[in-house]
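**Q** Can you look at this prediction? I've put the sequence above it.
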Amino acid sequence: MGYRRTREVFANKQDSRNALPVAEVANKLGLHSLSKRCWLIQGTSAISGQGLYEGLEWLSTTIPTKPERSTSVGSFRSNSSERNLVRGLRY
């Protein structure tokens, strides 16, 4: 994987009721179409700090790892709302 293929997007202002859901941000950015990339889009709120630690933790554990061969994988995860986190792994 490595740092050249890893991408992370922080979708800030998720505490605002006008915020786009994280899955919609991922679709608009075309993250699902990235090939040979490991990516994460993390819903965050800079005011409360929600999601910042989780996003940085993911980045710090993802960069130094080297995955085995795999096909594409995508998943959705939510802590407190459905728009909190979208993860996609493509190798």
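**A** Okay, I see it.
**Q** Let's test this: name the helix or strand in the protein with the lowest mean pLDDT.
**A** Of all helical and strand segments in the chain, the minimum by mean pLDDT, DSSP states H and E falls on strand 73-77, at a mean of 47.
**Q** element containing Glu24?
**A** helix 22-29 (DSSP states H and E).
**Q** Mind giving me the packing neighbours of that helix?
**A** Under the contact criterion of 3 or more CB pairs under 8 Å, 6 or more residues apart in numbering; DSSP states H and E, helix 22-29 touches strand 6-11, strand 38-43, strand 85-89. The C-beta positions use only the backbone N, C-alpha and C, and glycine is treated the same way.
**Q** Dump that helix to PDB, keeping only the CA atoms.
**A** C-alpha atoms of helix 22-29 as PDB (Å, rounded to 0.1, in the frame of the first residue of the first chain):
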ATOM      1  CA  VAL A  22     -20.000  11.400   4.100                       C
ATOM      2  CA  ALA A  23     -21.100   8.800   1.600                       C
ATOM      3  CA  GLU A  24     -22.400  11.500  -0.700                       C
ATOM      4  CA  VAL A  25     -19.100  13.400  -0.400                       C
ATOM      5  CA  ALA A  26     -17.300  10.200  -1.300                       C
ATOM      6  CA  ASN A  27     -19.500   9.800  -4.400                       C
ATOM      7  CA  LYS A  28     -19.000  13.400  -5.500                       C
ATOM      8  CA  LEU A  29     -15.200  13.000  -5.200                       C
END
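**Q** Just the CA atoms of the longest helix along the chain, as CSV, please.
**A** Longest helix of the chain, by residue count under DSSP state H: helix 52-62. In CSV, the C-alpha atoms belonging to helix 52-62 read as follows (Å, rounded to 0.1, in the frame of the first residue of the first chain):
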residue,chain,number,x,y,z
LEU,A,52,-10.3,13.8,14.1
TYR,A,53,-8.6,11.2,16.4
GLU,A,54,-10.1,8.3,14.5
GLY,A,55,-9.0,9.7,11.1
LEU,A,56,-5.4,10.3,12.3
GLU,A,57,-5.3,6.9,14.0
TRP,A,58,-6.4,5.3,10.8
LEU,A,59,-3.7,7.1,8.8
SER,A,60,-1.0,6.3,11.3
THR,A,61,-1.8,2.6,11.2
THR,A,62,-2.4,2.4,7.5
